[in-house]
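A.B. asks: model the structure of this input:
(chains A and B)
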Amino acid sequence: MENAHIAHSDNAAHGEHSFDTKAIWKTFRILLYITLFELLLAIGYYEIFPTGNATVKYILNGVFIILTLAKAFFIIAEFMHLRHEIRNMIMTIAIPALLFLWFIGAFLWDGDSYKNLRNTYDREHVEKSKEKVEKKEHGHGHEAQKPGALD
Amino acid sequence: MAQVVPADRKWWAGGRSPFNLEYGKLMMWYFLMSDAFTFGAFLISYGTIRFSSNSWPDPNEVFRSFPVVGEMNIPLAFVSLMTFILIMSSVTMVLAVGADHANDRKAVMKWMAWTIIGGIAFLGCQAWEWAHLNHQGAWWGRNPFNNIDGSAASTNFTNFFFTITGFHGFHVLSGVVINIIMYIMAANGTFERKGHYLMIEKAGLYWHFVDLVWVFVFTCFYLF
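C.D. replies: Numbering: from 1, shown residues only, chains lettered A, B, ... in the order given. This is a model prediction of the structure:
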């Protein structure tokens, strides 16, 4: 703490920064535990529902989003030190970042709507996407497929 | 913990930086904002396509290999290792920044070296993963994996996977190059002559951002 201002003696605009190694390791442990917890959920889900379960998966994805945002918060706040900057600075980063909420919501909604439209009006698409295929032998799966095909 | 600033200070009255931040660091933040929107556009287009698909390949089936051990039945083990390496290198980067606050050149160099090693280790893991998937027949424009419900998958999965992890890997590579330059400058005593190590802080911001993006890539590709 007391040595923080020595490094920036020629930079008057730069305020005093505190530096706390303990807080860094605490952040690291939080990130590690969250990641391990996420893995536990992901692996547990596939163990319990080998063929998938839509409702559980939706809930689980929601949990993953919340945990990911929590990790992002800790990285930005502690590692990137934003939490210790002044309020003006925090706001100039945080407010534009809120656009992401709209960005994500609008586009995922759009994707879902496209799926529903095709499933309602394009019988051929529905049948094709229900068709089961044999499991391919990995290692020489080089048959040409149409690159980038959306359907 | 917070900076000691009088509550009634008028930040916008002129004569001082209203953000109380050095110019270069502020610009790095703005660059990272724009980069965040680039990555956001990539990941959100991936999400849109995935939401518009009736089914999608199972990450637990695709990502279950580990070097040397081969196809083991611990899914996602390798990617957890990669995540751990990257978070760890973020920690060593913060410790380097902490050492520069103490003007301790030896410690800065030590922690920068560990950060560089972590970055290279991550890139090595990614190179192995790409090579392994390529060996299984996955690449841009071809996808050997079926959907989780047993139907045939389009190439969307592999196209997005290689594009986004490739773009992220390229960021890691540039981060490693920047960190090596910082290491050399620290070794030459450039920062001591300048009297501060602010450039390491800017490199650190970039490096943490790379870690931050990986958190989202990890969730979007390996967990969902």
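A.B. asks: and the most centrally placed residue in chain A, how far from residue B:58?
C.D. replies: By C-alpha atoms, centre = their mean, chain A has its centre lying nearest to residue A:68, at 5.0 Å. According to C-beta to C-beta, to the nearest Å, residue A:68 stands 20 Å off from residue B:58. For the C-beta atoms, the positions are set from N, CA and C on the backbone; glycine is no exception.
A.B. asks: same check, this time on residue B:44
C.D. replies: 22 Å.
A.B. asks: wait, doesn't residue B:154 sit right on residue B:53?
C.D. replies: Yes: because the distance of 7.4 Å satisfies C-beta atoms under 8 Å, residue B:154 is recorded as touching residue B:53.
A.B. asks: do the top helix by length along chain A and chain B meet?
C.D. replies: The residue-count maximum for a helix in chain A (DSSP state H) belongs to helix A:21-48. Yes: Helix A:21-48 is in contact with chain B by C-beta under 8 Å from any C-beta of the partner chain, via A:21, A:24-25, A:28, A:31-32, A:35-36, A:38-39, A:41-43, A:46.
A.B. asks: do stretch A:106-117 as well
C.D. replies: Yes: against chain B, stretch A:106-117 shows contacts by C-beta under 8 Å from any C-beta at A:107-108, A:110-112, A:114-115.
A.B. asks: show me what contacts residue A:119?
C.D. replies: Going by C-beta atoms under 8 Å, 6 or more residues apart in numbering or on different chains, residue A:119 touches A:125-126, B:54.
A.B. asks: you'd agree it is in a helix?
C.D. replies: Yes: per DSSP: H, G, I helix; E, B strand; the rest coil, residue A:119 lies within a helix segment.
A.B. asks: average pLDDT across the helix or strand hosting residue B:177?
C.D. replies: Taking DSSP states H and E as the definition, residue B:177 sits inside helix B:156-188. Regarding helix B:156-188, the rounded mean pLDDT is 96.
A.B. asks: counting by contacts, list what that helix packs against.
C.D. replies: In terms of contacts (3 or more C-beta pairs under 8 Å, 6 or more residues apart in numbering or on different chains; DSSP states H and E), helix B:156-188 is packed against helix B:23-51, helix B:105-135, helix B:198-217.
A.B. asks: which of the residues in it are buried?
C.D. replies: Residues of helix B:156-188 classed as buried by neighbour count (16 or more other C-beta atoms under 10 Å in any protein chain shown): B:156-162, B:164-165, B:168-169, B:171-173, B:175-176, B:178-180, B:182-183, B:185-186.
A.B. asks: that one vs helix B:105-135, what angle?
C.D. replies: 160 degrees (axes from the mean of the first three to the mean of the last three C-alpha atoms, to 10 degrees).
A.B. asks: and after helix B:156-188, which helix or strand comes next?
C.D. replies: Immediately after helix B:156-188, counting by DSSP H and E, sits helix B:190-194.
A.B. asks: if you compare the helices and strands packed on helix B:156-188, which one is most tucked away?
C.D. replies: helix B:198-217 (a mean of 23; mean count of other C-beta atoms under 10 Å in any protein chain shown).
A.B. asks: re earlier: export the helices and strands packed on helix B:156-188 to TSV and tack on mean pLDDT?
C.D. replies: Shown next, in TSV, are the helices and strands packed on helix B:156-188 (pLDDT from 0 to 100):
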stretch	mean pLDDT
helix B:23-51	95
helix B:105-135	94
helix B:198-217	94
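A.B. asks: need those helices in JSON lines (columns: distance to residue A:83).
C.D. replies: JSON lines is the format used below for the helices and strands packed on helix B:156-188 (distance: least, C-beta to C-beta, whole Å):
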{"stretch": "helix B:23-51", "distance to residue A:83": "14"}
{"stretch": "helix B:105-135", "distance to residue A:83": "21"}
{"stretch": "helix B:198-217", "distance to residue A:83": "13"}
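A.B. asks: among the ones you listed, which is nearest chain A?
C.D. replies: Chain A sits nearest to helix B:23-51 of all the helices and strands packed on helix B:156-188, at 3.2 Å, using C-beta to the nearest C-beta.
A.B. asks: which other helices and strands contact that closest one?
C.D. replies: Using 3+ C-beta pairs under 8 Å, 6+ apart: helix B:23-51 touches helix A:87-97, helix A:99-121, helix B:156-188, helix B:198-217.
A.B. asks: got the angle between the longest one and helix B:198-217?
C.D. replies: Using the same axes, to 10 degrees, one finds that helix B:156-188 and helix B:198-217 are set 160 degrees apart in direction.
A.B. asks: and the closest residue to residue A:77 other than its chain neighbours, how many neighbours?
C.D. replies: Closest residue to residue A:77 apart from its sequence neighbours, by C-beta to C-beta, 6 or more residues apart in numbering or on different chains: residue A:83 at 3.8 Å. Per other C-beta atoms under 10 Å in any protein chain shown, the neighbour tally for residue A:83 reads 14.
A.B. asks: same thing with the one 10 residues further on?
C.D. replies: Residue crowding around residue A:93 was assessed by other C-beta under 10 Å; the count is 19.
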